[in-house]
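>>> Compute the structure for the input listed below.
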Amino acid sequence: MKPSILLLLATLCFSIPIKGQKANFSYKFYGFVRGDLFYNTRATMAPVDGNFYLYPLDKLPDAEGKDINAGPNGSFYTFTTRLGLDVKGPQVGTAKTSAKVETDFGGFSKNVALLRIRQAYVALDWEKHQLLIGQTWHPLFGSVFPDILNLSTGAPFQPFNRSPQLRYQYKTKEITLTASAIWQMQYTSSGPDGMSEDYMKNSCVPEFYLGADWQHDNGWIAGAGAHLISLSPRKQSEWEGKIYKVNERMTTTSYEAHAKYTGTNFTVAAKTLLASALDHTALLGGYGIHSVDSKNGKQEYTAFQQSTSWINFTYGQKWKPALFVGYTKNLGTGRSLADTETLYGMGLDIDQLLITNLNLSYNLPHWQFGFEGSVGTAWYGDVNARNGRVENTHTVTNFRLLGLMMYYF
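Numbering: from 1, shown residues only. Purely as a prediction, here's the structure:
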């Protein structure tokens, strides 16, 4: 093809969207460059190659009884650098339209940082009514979340998840009602084949969330919500040398409440959850096998329940100290466990988890520098098959130091 024809095609391709942009659309780019320097005194559960810190790992004795996990670790990364685009478009009837595309390099695959979708959605807004279609924050993340420096943003006490969803909101000046149907993609539930979205695909039932928020001009936000998840762990079983088609389902509910007060120079925020099988939101939890059918190996399941709470204090604007305390307690299962070795989830052998973060940040227009110290203690033990509770516990503790630099644009 001649160069002149290529030039003409390129001109046409670029001129058409530019004309549309000027007439009907507005665009706003945003993002930041972020660097995290961290150090831990022992091995930790920390996805995204150590950046997303959750809790210290249990003791792992070698042949001489030495704890392999007792060794320190640390590194420096910039792959959480972010780029986003907000779009406002033409109205559809009486509805205002908008869209968001947001990405970073945190789609980590062993030694390579990969570009990934953080958020990608379109929204229709009729003032009091809003419909969102696409991937955004899970409604359990909500309008109240901690202000800390660690990338995990309060997990495993604060739900952390972005998922494809259909979300409807009804808004007045002070009240917001939310109803969401959520599917899984990047953040997935545990099961017989590891972490996978297939358990929800095979279930054909999305997650559901219903919630209400109250917000007042005096600085208060408060609300509560309920969540349901229904998974299909297996479509077939192998039993006594034969393969059987089975129809299995694990369904459970969770509940949360939250509040936040914003003053002139300080904030106080808190959230509490009765969480069940929310490991896909970076909380401790999961499920196990309750019974096995002697005819075909079909399994019934029972979910673990966790009582999870956090509280967060911040003060100041330019110099901002902050304190975060999170606590989780394993409440066990609603029914007995047939097998304590075959459990699906995260941290199911932890009875209690307590983490305290203290940080100080220096904030300028477009800049943030910060330092954070964290002490995390986990009570590990043995799972009791009768009720799913953890007994005969011992503690392990990790000290984590984090240095942060961010440049916003």
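>>> okay, residue 16: pLDDT?
pLDDT recorded at residue 16 is 42.
>>> Correction: the previous question concerned residue 381.
On the pLDDT scale, residue 381 gets 98.
>>> so it is in which element?
strand 367-383 (DSSP states H and E).
>>> Same question for the next helix or strand after that strand: list its buried residues.
Going down the chain from strand 367-383, the next helix or strand is strand 390-408, by DSSP H and E. Neighbour-count burial for strand 390-408, counted by 16 or more other C-beta atoms under 10 Å, picks out 390, 396, 398, 400, 402, 404, 406. (Each C-beta comes from the backbone N, C-alpha and C, glycine too.)
>>> Next, the buried residues of the strand holding residue 381.
Buried residues in strand 367-383 (16+ other C-beta under 10 Å): 368, 370, 372, 374, 376, 378-381, 383.
>>> Report the distance from it to the chain centre.
Offset of strand 367-383 from its chain centre (C-alpha atoms, centre = their mean, to the nearest Å): 17 Å.
>>> Report the strands that pair with it, each with its relative direction.
Taking DSSP bridges as the criterion, strand 367-383 forms sheet pairs with strand 350-364 (antiparallel), strand 390-408 (antiparallel).
>>> do you know which of those lies nearest residue 209?
The closest of the strands paired with strand 367-383 to residue 209 is strand 350-364. By C-beta to C-beta, the value is 24.3 Å.
>>> okay, the closest one in CSV with CA atoms only?
Extracted in CSV, the C-alpha atoms of strand 350-364 (Å, rounded to 0.1, in the frame of the first residue of the first chain):
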residue,chain,number,x,y,z
ILE,A,350,-6.0,-18.5,62.5
ASP,A,351,-8.1,-18.0,65.7
GLN,A,352,-7.4,-14.3,66.1
LEU,A,353,-5.5,-11.6,64.1
LEU,A,354,-4.5,-8.2,65.5
ILE,A,355,-2.7,-5.6,63.5
THR,A,356,-1.8,-2.0,64.5
ASN,A,357,-0.5,0.6,62.0
LEU,A,358,1.0,3.9,62.9
ASN,A,359,2.0,6.2,60.1
LEU,A,360,3.0,9.8,59.4
SER,A,361,2.7,11.4,55.9
TYR,A,362,3.9,14.8,54.6
ASN,A,363,1.5,16.1,52.0
LEU,A,364,2.0,18.8,49.4
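>>> quick one, what contacts the closest residue to residue 189 other than its chain neighbours?
Distances taken as C-beta to C-beta, 6 or more residues apart in numbering place residue 280 nearest to residue 189, at 4.6 Å, with adjacent residues excluded. Neighbouring residues of residue 280 by C-beta atoms under 8 Å, 6 or more residues apart in numbering: 161, 184, 187-190, 195.
>>> Give the buried residues for stretch 353-363.
353-355, 357, 359, 361.
>>> If you rank every helix and strand of the protein by mean pLDDT, what lands last?
helix 3-24 (a mean of 46; mean pLDDT, DSSP states H and E).
>>> Which SSE is immediately downstream of that one?
strand 26-40.
>>> Could you list the residues in contact with that next one?
By C-beta under 8 Å, 6+ apart, strand 26-40 touches 21, 46, 50-51, 53, 56, 72-78, 80-88, 151, 398-409.
>>> Let's see that with 6 Å instead.
Strand 26-40 has contacts (C-beta atoms under 6 Å, 6 or more residues apart in numbering) with 51, 73-74, 76-78, 80-88, 398, 400-403, 405-408.
>>> Likewise for stretch 297-308?
157, 237, 239, 246, 248, 250, 252, 273, 275-277, 284-287, 289-292, 328-331, 333-335, 348, 388.
>>> Weed out the non-buried ones from the residues you listed.
Applying 16+ other C-beta under 10 Å to the contacts of stretch 297-308 flags 157, 237, 239, 246, 248, 250, 252, 273, 275-277, 284-287, 289-290, 328-331, 333, 335, 348, 388 as buried.
>>> who does the host helix or strand of residue 254 pair up with?
Element membership of residue 254, judged by DSSP H and E, is strand 250-262. Using DSSP bridges, the strands paired with strand 250-262 are strand 220-231 (antiparallel), strand 266-276 (antiparallel).
>>> is it possible to export those strands to TSV including distance to residue 298 and mean pLDDT?
Shown next, in TSV, are the strands paired with strand 250-262 (distance: least, C-beta to C-beta, whole Å; pLDDT from 0 to 100):
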stretch	distance to residue 298	mean pLDDT
strand 220-231	15	98
strand 266-276	22	98
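>>> Would you reformat these as a markdown table and include distance to residue 61?
Shown next, in a markdown table, are the strands paired with strand 250-262 (distance: least, C-beta to C-beta, whole Å):
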| stretch | distance to residue 61 |
| --- | --- |
| strand 220-231 | 34 |
| strand 266-276 | 31 |
